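Participant: Please work out how this folds:
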Amino acid sequence: MKRIMVEARDIVTAFGDTIIHDHINCTVYENEIYALLGGSGSGKSTLLREMILLQRPQSGSLKVLGFDLETITPLEAQSLRRQWGVLFQSGALYSSLSVGENIAMLYHENTDLPPKLIDELIALKIDLVGLPAHARYLYPGELSGGMVKRAALARALALDPKLLFLDEPTSGLDPLSSRQFDALICQLRDLLGLTVVMVTHDLDTIHHSIDRFALLGDKKVVAEGTLDEVLQIDHPVVNYFFQKGSYGIES
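Facilitator: Reported below is the predicted structural model:
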């Protein structure tokens, strides 16, 4: 049986009187590409933020790499953060730093590696995500949208994480760049043995790159499984996303 990498059980999240998650459950297994889907306001990005310790649910159990995030100590949290990488929707690169400097920050903050080795690792990560070698000297403002995503991905991979969290990784990209980025994620999963958790609306990504997903709606996980498994479920939210019956589709 595959190792469980992320496990959410009975997660309740509320902002004031507004309930976002009402006893949500989902499970991510080792080496799979797993997606969080749902309409606007369904809480998919909120759930991702809870998984990476940016906010806490009101109740329930959330475990990542075996750590219970409710009882985790600051020292354990620091160790856990070094075992995952995060790619935010905008890339979140520091605009005043070059691509290489953005990546180098992770090594300076988390390791005692010598400068020469850091320099070699930066070159390796940049090559790994398909960027040209000179990209390390460019600033975020000098990059195309696709290059920003790849540079941010290189930074997310800096510490050789076990888990990779992606928030709308193909948002803002043209169709060709989106497909190329999807292919890159699949290649990196296979090459590095990564487990990937992503928030996405991209139906091509869902059809071609995702192993399993959780579909959020009505404050619940209305369906979880492979695409074939979810398509067997007759539910308005499933119909809405996958054009079953007379429902539309979210782009």
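
Participant: can we go C-alpha only for contacts and neighbour counts from here?
Facilitator: Noted.

Participant: Can you give me the distance of the residue nearest to Thr195 when sequence neighbours are not counted to His207?
Facilitator: Leaving aside its sequence neighbours, Thr195 sits nearest to Asn31 (Cα to Cα, 6 or more residues apart in numbering; 4.3 Å). With distances defined as Cα to Cα, to the nearest Å, the gap from Asn31 to His207 amounts to 18 Å.

Participant: Run through the helices of the stretch 51-200 of the chain in chain order.
Facilitator: Under the criterion DSSP state H, counting those that start in this stretch, helices of the stretch 51-200 of the chain are mapped to 74-81, 99-110, 115-128, 145-156, 175-192.

Participant: Please identify the most buried of the ones you listed.
Facilitator: Among these, the stretch with the highest mean neighbour count (mean count of other Cα atoms under 10 Å) is helix 145-156, at a mean of 24.

Participant: can you tell me the average pLDDT over that helix?
Facilitator: Regarding helix 145-156, the rounded mean pLDDT is 92.

Participant: now swap in stretch 62-74 and tell me
Facilitator: Computed over stretch 62-74, the mean pLDDT rounds to 94.

Participant: for that stretch, how far is the first residue from the last?
Facilitator: Using Cα to Cα, the distance between the terminal residues of stretch 62-74 is 16 Å.

Participant: Now that stretch: buried residues?
Facilitator: Of the residues in stretch 62-74, those scored as buried under the neighbour-count criterion (16 or more other Cα atoms under 10 Å) are 62-65, 67-69.

Participant: what do you get for stretch 85-95?
Facilitator: Of the residues in stretch 85-95, those with enough neighbours to count as buried (16+ other Cα under 10 Å) are 85-89, 91, 93.

Participant: Lowest pLDDT pick from those?
Facilitator: Gly91 (75).

Participant: In contact with it, which residues are there?
Facilitator: Applying Cα atoms under 8 Å, 6 or more residues apart in numbering to Gly91 gives the contacts 148-149, 151-152.

Participant: could the helices of the stretch 51-200 of the chain go into TSV alongside distance to Asp202?
Facilitator: Formatted as TSV, the entries for the helices of the stretch 51-200 of the chain read as follows, by distance: least, Cα to Cα, whole Å:
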stretch	distance to Asp202
helix 74-81	27
helix 99-110	27
helix 115-128	24
helix 145-156	15
helix 175-192	9
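
Participant: wait, which of these is closest to Phe165?
Facilitator: Distances from Phe165 to each of these were compared using Cα to Cα; the shortest belongs to helix 145-156, at 8.7 Å.

Participant: between that closest one and helix 99-110, how many degrees?
Facilitator: Orientation note: helix 145-156 sits at an angle of 20 degrees relative to helix 99-110 (axes from the mean of the first three to the mean of the last three Cα atoms, to 10 degrees).

Participant: Run through who's touching helix 145-156.
Facilitator: Counting by Cα under 8 Å, 6+ apart, the neighbours of helix 145-156 from elsewhere in the structure are 84-87, 90-93, 99, 102-103, 106, 125-126, 128-131, 140, 164, 169, 172-173, 177.

Participant: so where's this structure shaky on pLDDT?
Facilitator: When residues are selected by pLDDT under 70, those of the chain lie in 244-251.

Participant: Please, where are all the strands along it?
Facilitator: Secondary structure of the chain by DSSP state E: the strands cover 4-15, 18-29, 33-38, 59-64, 67-68, 84-87, 163-167, 195-199, 212-217, 220-225.

Participant: Report the residue ranges of every domain in this protein.
Facilitator: Annotated domains of the chain cover 1-83+162-251, 96-160 [automatic domain parsing].

Participant: burial measure for the closest residue to Leu188 other than its chain neighbours, as a count.
Facilitator: Nearest residue to Leu188 in three dimensions, chain neighbours excluded: Leu194, at 7.1 Å (Cα to Cα, 6+ apart). A total of 23 residues lie near Leu194 under the criterion other Cα atoms under 10 Å.
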